[in-house]
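**Q** A predicted structure for the sequence below; I have some questions about it.
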Amino acid sequence: MTSRGPIDRHAAWQSLSAHADAMREVHLKELFSESDERHGHFSRRAAGLMLDLSKQRWRDDTLDKLLELARVAQVPEAIKRLLAGERVNRSEDRPALHTALRLPADACLEVEGEDIVPAVHRTLDHMATMVEKFLAGQWRGATGKAITDVVNLGVGGSDLGPLMVTHALADYRPRDVHRVEVHFASTMDGSQLADYLDRLNPETTLFVLSSKSFTTIDTLSNARTAKDWLMGHLVDGDGDHDLVMRQHFIGVSASPEKMSEWGISNANQLEFWEWVGGRYSLWGAIGLPIALTVGMDNFRALLDGAHAMDRHFASAELADNLPVLLALAGIWNVNFLDIRAHSILPYDGRLEYFASYLEQLEMESNGKSVTNDGEKVRYSTCPVLWGQLGPNAQHAFYQLLHQGTQAVECDFIAPMRRYDRVEDEATRKHLKSQHRLTLANCFAQSRLLMLGDEAIDDDGPRPSHKRYHGNQPSTTLLLDRLTPETLGALVALYEHKVFVQATIWDINPFDQWGVELGKKIATQTEQILASREGIDALDASSRGLIEAVWNAEGV
Ligand code: F6P
């Protein structure tokens with residue numbers, strides 16, 4: 001890799017800064033009035049997705065300059081290094097090979113002398129065997145009853161990916177199989193778990209302990225409670241502890257030793273590798289809850305969709321490359337138009353958890369302020385990103401988007417077609433009209449955010465409190481349909497977008513050292529709370545809070 005030096009010292013960056021001074025005052029409605037072809041001109045398609053970037057506050061020359069920036073930042077070379085399995089995660093000295101998890105079985109990817117594809121497919125086959133057993137009603141609990149409920153215990157990447165996808169693809173549950181309900185408990189306070197323990201039957205409940213490190217206290221504390229609950233109900237006197245462990249626990253981790261230490265039987269261990277980042281891990285064993293919900297064929301279709309996006313990412317020209325373009329739109333907003341808030345707005349209830357998923361993917365990856373060489377960055381990196389289902393957000397925070405003082409970039413996401421598979425004709429008709437209503441809202445909102453109150457042809461003038469300024473940039477992503485394939489492509493699109501931005505910013509998107517100190521200090525604080533010793537070393541606020549809890553006999 002040739003050193004390129006700080007990106008903001010390059011002529012390409014400076015040319016963009018000067019260009020931004022001119023563009024800052026240009027309103028989107030002006031850009032749209034310049035050409036009727038703007039939508040076609042700034043839209044691209046790949047892998048069942050259509051990306052419309054015409055509502056970004058840019059012109060052709062802006063995009064040319066951004067593409068030059070990508071070249072100067074050596075984005076094409078970085079993509080090759082990522083996909084080839086080079087050690088792109090420099091602070092942890094390892095590759096980031098989530099793309100290998102979706103390679104087909106006949107592919108070959110030699111990483112440091114070893115083809116890793118066979119191991120990936122051995123794990124997928126192991127998952128397939130397990131899923132088949134569950135869906136045939138043959139995975140039985142310790143008392144012989146078929147398992148009906150699986151609770152995933154995990155947090156962060158070991159929770160959000162599977163949670164998001166199982167909701168998104170709930171329509172793809174296979175019929176005529178033994179029904180297994182999948183649940184998710186992530187919070188360390190035990191509130192989600194307590195609810196499940198209250199209503200589930202221990203005889204027919206199995207827990208999946210999902211943790212790459214198998215050291216995360218959030219997950220291990222839930223796991224300990226779950227174990228005690230099962231043992232309390234299923235093992236009396238001479239009951240078989242090992243049988244309960246075998247029939248009621250599966251472990252998913254990159255540390256087989258730690259799974260064994262915890263008591264997960266060898267046959268119930270699904271492995272993945274250090275070269276898969278937690279927030280990039282839904283494509284392998286961490287995806288077990290997805291496969292249990294939609295079946296292994298649909299899980300493999302999800303991988304195929306992601307792989308189609310990987311191929312596009314690897315081969316498309318920069319100017320037609322969806323992840324690259326999406327990344328450049330973000331760079332333009334964050335670094336040149338000073339727009340540092342980004343909202344994710346899906347118009348499809350099945351994507352309820354998509355924004356939460358992206359919050360981790362984008363902010364844990366690119367919420368960084370030192371370069372790969374340890375220098376402090378001289379420009380903004382990841383924006384504050386948040387979101388919610390668009391139709392619900394319309395009744396919550398859209399007021400700020402329309403009339404607040406913050407500039408916000410928005411991503412609108414929707415499927416073009418929906419409800420084709422609803423059998424009852426009358427219901428299908430009603431649901432399709434709801435889909436039409438939803439799309440109308442999606443398109444109306446992005447138009448209003450773009451044009452302001454000029455979008456409405458009424459007989460103004462309006463009082464100032466009814467005026468909308470518009471000029472909020474947005475991207476619209478339309479999926480042909482929401483299927484396992486298009487969802488896979490959509491998630492891979494965002495993963496690669498994050499990578500391209502990290503490359504331009506020269507930061508490492510695959511580590512998360514900022515989270516570590518929080519874990520350490522929480523452990524120390526818990527010791528103080530429990531032992532009532534060492535409080536004097538703390539600051540006045542922490543002391544006051546802890547003493548208030550002690551006085552309330554809270555712990
Ligand atoms: O919050 C930090 C983090 O390490 C995330 O990156 C990760 O997804 C999550 O914790 C869970 O980690 P693990 O899968 O090791 O339990």
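**A** Great, that's in hand.

**Q** contacts and neighbour counts: CA atoms only from here.
**A** Noted.

**Q** Spell out which parts of the stretch 451-555 of the chain neighbour the ligand.
**A** residue 515 (Cα under 6 Å from any ligand atom).

**Q** Show me the helices in the stretch 451-555 of the chain, by range?
**A** Under the criterion DSSP state H, counting those that start in this stretch, the stretch 451-555 of the chain carries helices at the ranges 484-505, 513-531, 540-551.

**Q** What are the buried residues along the last one?
**A** What it means is helix 540-551. Going by neighbour count (16 or more other Cα atoms under 10 Å), the buried part of helix 540-551 is 546, 547.

**Q** what's the angle between it and helix 513-531?
**A** Computed by axes from the mean of the first three to the mean of the last three Cα atoms, to 10 degrees, the angle separating helix 540-551 from helix 513-531 equals 40 degrees.

**Q** roughly how far is helix 540-551 from the heart of the chain?
**A** 36 Å (Cα atoms, centre = their mean, to the nearest Å).

**Q** go on, the first one?
**A** Per Cα atoms, centre = their mean, the displacement of helix 484-505 from the mean C-alpha position of its chain is 10 Å.

**Q** Quick check: buried residues in it?
**A** For helix 484-505, a neighbour-count test (16+ other Cα under 10 Å) marks 484-505 as buried.

**Q** Please apply the same query to the second one.
**A** Within helix 513-531, the residues scored as buried using 16+ other Cα under 10 Å are 525, 528, 529.

**Q** Okay, now the unreliable bits of the protein?
**A** Residue ranges of the chain with pLDDT under 70: 1-3, 237-239.

**Q** From residue 528, how far out is residue 271?
**A** 36 Å (Cα to Cα, to the nearest Å).

**Q** Residue 193 should be in a strand, yeah?
**A** No: going by DSSP: H, G, I helix; E, B strand; the rest coil, the assignment for residue 193 is helix, not a strand.

**Q** can you map out the helices along the stretch 101-250 of the chain?
**A** Using DSSP H, counting those that start in this stretch, helices in the stretch 101-250 of the chain cover 117-135, 160-168, 191-199, 217-234, 241-248.

**Q** Would you mind confirming that residue 446 is in contact with residue 474?
**A** Yes: at 6.8 Å, residue 446 counts as touching residue 474 under the criterion of Cα atoms under 8 Å.

**Q** Show me the domain layout of this structure.
**A** Domain ranges of the chain: 29-88+316-456+466-507, 105-298, 516-553, per the TED database.

**Q** end-to-end on the shortest one?
**A** When the termini of domain 516-553 are compared using Cα to Cα, they are 30 Å apart.

**Q** what separates it from the chain centre, distance-wise?
**A** 33 Å.

**Q** Around the ligand, which positions in the stretch 51-200 of the chain sit nearby?
**A** For the stretch 51-200 of the chain, the residues in contact with the ligand (Cα under 6 Å from any ligand atom) are 155, 156, 157, 158.

**Q** on that earlier part again, pull up the overlap in contacts between residue 446 and residue 474.
**A** Common contact partners of residue 446 and residue 474 (Cα atoms under 8 Å, 6 or more residues apart in numbering): residue 412.

**Q** Show me which of the two is the more surrounded one.
**A** Between residue 446 and residue 474, counted using other Cα atoms under 10 Å, the more crowded position is residue 474 (25 against 21).

**Q** dump the residue contacts of that one.
**A** Listed by Cα under 8 Å, 6+ apart, the contact set of residue 474 reads 53, 55, 56, 409, 410, 411, 412, 446, 450.

**Q** and if we set it to 7 Å?
**A** 55, 56, 409, 410, 411, 446 (Cα atoms under 7 Å, 6 or more residues apart in numbering).

**Q** what's the closest of the residues you listed to residue 63?
**A** Residue 63 lies nearest to residue 56 out of these, by Cα to Cα, at 10.3 Å.

**Q** Neighbours of the closest one, how many?
**A** For residue 56, the neighbour count with other Cα under 10 Å is 23.

**Q** number of nearby residues for the residue in the stretch 351-500 of the chain that the ligand sits nearest to?
**A** Using Cα to the nearest ligand atom, residue 364 is the residue of the stretch 351-500 of the chain that sits closest to the ligand, at 7.1 Å. Residue 364 sits with 20 neighbouring residues when counted by other Cα under 10 Å.

**Q** For it, give its distance to residue 187.
**A** Taking Cα to Cα, one finds residue 364 at 18 Å from residue 187.

**Q** Then residue 403?
**A** 35 Å.

**Q** can you check residue 13 too?
**A** 43 Å.

**Q** Between those two, tell me which one has more neighbours.
**A** residue 13 (20 against 17).

**Q** Which neighbouring elements make contact with the helix or strand harbouring the more buried one?
**A** Per DSSP states H and E: residue 13 is located in helix 11-23. When contacts are defined as 3 or more Cα pairs under 7 Å, 6 or more residues apart in numbering; DSSP states H and E, helix 11-23 packs onto helix 60-72.

**Q** by how many degrees do the helix it packs on and helix 11-23 diverge?
**A** Using the same axes, to 10 degrees, helix 60-72 lies at 160 degrees relative to helix 11-23.
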